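[1] Return atomic coordinates for the entry below.
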Amino acid sequence: MENKELTIGSTPNDMTVYEIGFHIVPVVAESDLGVRVTAIRDIIEAHGGKPVSDEYPKLIELAYPMLKVASNKRATYRSAYFGWVKFEADASGAKGIEAALKADDFLLRYLFVKTVRENTMVPKKVLMKRNEDGSTKADEKVEEKPQLTEEELDKTIEDLVIS
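    Presented below is the predicted three-dimensional model:
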């Protein structure tokens with residue numbers, strides 16, 4: 001019997017989270033884009049993968065021209081539909097998925113990486129005001145400025161206007 005080393009808590013059928021970022025060639029009509037995305041998801045599911053999340057492709061300008069050879073024809077593209085799919089699969093399923101993606105003539109390029117399940121988008125930072133002692137307060141009240149009357153506002157504007 002073959003002796004395989006396992007890490008604590010793992011089993012031979014551990015599912016790993018992967019992500020595929022892909023460019024679909026721009027010759028695909030926008031109405032047929034859903035068919036291409038479904039084909040990618042079908043490849044993942046056919047090899048035992050379970051989609052976790054994805055982003056529908058959007059047409060983008062590429063940073064540099066990319067060459068694609070398909071059916072013995074060379075074509076250079078300056079734009080492509082970019083999207084991504086995050087999914088769970090075992091190691092053998094991941095190899096099958098990658099082999100199927102290589103054979104897809106509608107994919108200009110793809111990147112296949114191992115990742116984490118959690119959302120990897122960076123949240124926006126909340127700016128907080130620092131007190132004199134260096135501490136911060138999230139619920140600090142903002143001083144309200146007194147409202148100007150209409151006459152005071154007109155006077156202020158007249159003072160600012162250069163004659």
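
[2] the bottom helix or strand of this protein by mean pLDDT?
    Taking mean pLDDT, DSSP states H and E as the measure, the helix or strand of the chain with the lowest value is helix 150-160, at a mean of 81.

[3] Give me the residues contacting it.
    Contact partners of helix 150-160, identified using Cβ atoms under 8 Å, 6 or more residues apart in numbering, comprise L148. To be clear about C-beta, it is placed using only N, CA and C from the backbone, and glycine gets the same treatment.

[4] now the strands for the protein?
    Listed in chain order, the strands found in the chain under DSSP state E are 16-24, 50-70, 73-89, 107-114.

[5] chain center to the second one, what's the gap?
    Averaging C-alpha coordinates over strand 50-70 and over its chain gives two centres that are 11 Å apart (Cα atoms, centre = their mean, to the nearest Å).

[6] just checking, what packs against that strand?
    Packing partners of strand 50-70 (3 or more Cβ pairs under 8 Å, 6 or more residues apart in numbering; DSSP states H and E): strand 16-24, helix 33-46, strand 73-89, strand 107-114.
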